[in-house]
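Visitor: Next come a sequence and a model predicted from it.
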Amino acid sequence: MSTTDELSKAYNGLLGEQVQVKKGRKGKNVVIMAKSRVKRKLTEKQIEARQQLSLAAEYARTALQDPALNEMYQKRAQNGVSVFRTAANDFLQRPFIRDVDASEYHGNPGDVIRVSAGDKIGLTEVRAKLLAPDGTLVESGPCVRALPTAGYLYTAMVQVSDISGMTVTVTVRDTPGNIVNKLLTL
């Protein structure tokens with residue numbers, strides 16, 4: 001490795017296919033032998049990751065054109081991270097459901113099912129659906145934010161005589177439209 005100030009101040013990158021000029025330690029430019037690039041076939045995971053990044057970039061471009069979403073992401077952008085990057089990261093990070101607690105549900109109207117769910121930016125929808133053991137719909141509806149906790153509550157409206165074998169499906173959706181479900185059998 002050798003430094004060449006006249007050349008390196010004016011140029012940064014590949015010279016031909018043999019020499020590369022780049023920033024070295026302490027900000028000095030250095031001239032090094034270029035590394036040969038071997039073209040390898042991408043794995044399925046790499047192809048999928050590239051597709052997800054492409055979709056995230058497309059979402060971010062669209063979100064920045066929407067005044068309401070643009071404002072929301074501008075408020076959330078922190079520590080020098082761009083608004084575009086904040087929107088793309090929101091697309092890539094799926095919401096989560098930490099817990100579904102049906103210990104207070106006994107089949108009576110007014111019984112509560114507690115949901116602990118979230119997302120880095122925020123959730124747009126939290127819904128619960130109760131199904132009988134044979135798969136028929138008993139009831140469904142939105143969960144309400146339970147302040148000051150970070151949880152959500154679903155309040156039952158239908159009388160059910162026997163809750164054994166029933167299933168509760170909780171669905172959460174975030175701003176980009178990512179959906180996560182969690183199933184609980186009673």
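Guide: Thanks, I have it.
Visitor: Distance-wise, check the residue positioned nearest the centre of the chain relative to residue 58.
Guide: With distances taken as Cα atoms, centre = their mean, residue 93 lies nearest the centre of the chain, 1.6 Å away. To residue 58, residue 93 is 16 Å away according to Cβ to Cβ, to the nearest Å. For glycine as for every other residue, the C-beta is placed from the backbone atoms N, C-alpha and C.
Visitor: which ones are touching the residue nearest to the centre of the chain?
Guide: Counting by Cβ atoms under 8 Å, 6 or more residues apart in numbering, residue 93 touches 119, 120.
Visitor: Please tell me how far it sits from residue 118.
Guide: From residue 93 to residue 118 the distance is 11 Å (Cβ to Cβ).
Visitor: what's the answer for residue 145, then?
Guide: From residue 145 to residue 118 the distance is 11 Å (Cβ to Cβ).
Visitor: quick one: the helices in the chain?
Guide: For the chain, the helices defined by DSSP state H cover 5-10, 44-65, 67-76, 83-92.
Visitor: The ones you listed into CSV, with extra columns for mean neighbour count?
Guide: CSV is the format used below for the helices of the chain (neighbours: other Cβ atoms under 10 Å):
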stretch, mean neighbour count
helix 5-10, 11
helix 44-65, 13
helix 67-76, 14
helix 83-92, 20
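Visitor: ok, back up a step: neighbour count: residue 145 and residue 118, which is higher?
Guide: The residue with more neighbours, out of residue 145 and residue 118, is residue 118; 17 against 13, by other Cβ atoms under 10 Å.
Visitor: beta partners of the more buried one?
Guide: residue 96 (DSSP bridges).
Visitor: how near is it to residue 23?
Guide: Distance from residue 118 to residue 23, counting by Cβ to Cβ: 41 Å.
Visitor: again, but for residue 169
Guide: Taken as Cβ to Cβ, the span from residue 169 to residue 23 is 53 Å.
Visitor: Counting neighbours around each, name which of the two comes out higher.
Guide: residue 169 (15 against 11).
Visitor: Identify the residue spatially nearest to the more buried one, adjacent ones excluded.
Guide: Leaving aside its chain neighbours, residue 169 sits nearest to residue 129 (4.6 Å; criterion: Cβ to Cβ, 6 or more residues apart in numbering).
Visitor: Kindly report the same for residue 161.
Guide: residue 107 (6.6 Å).
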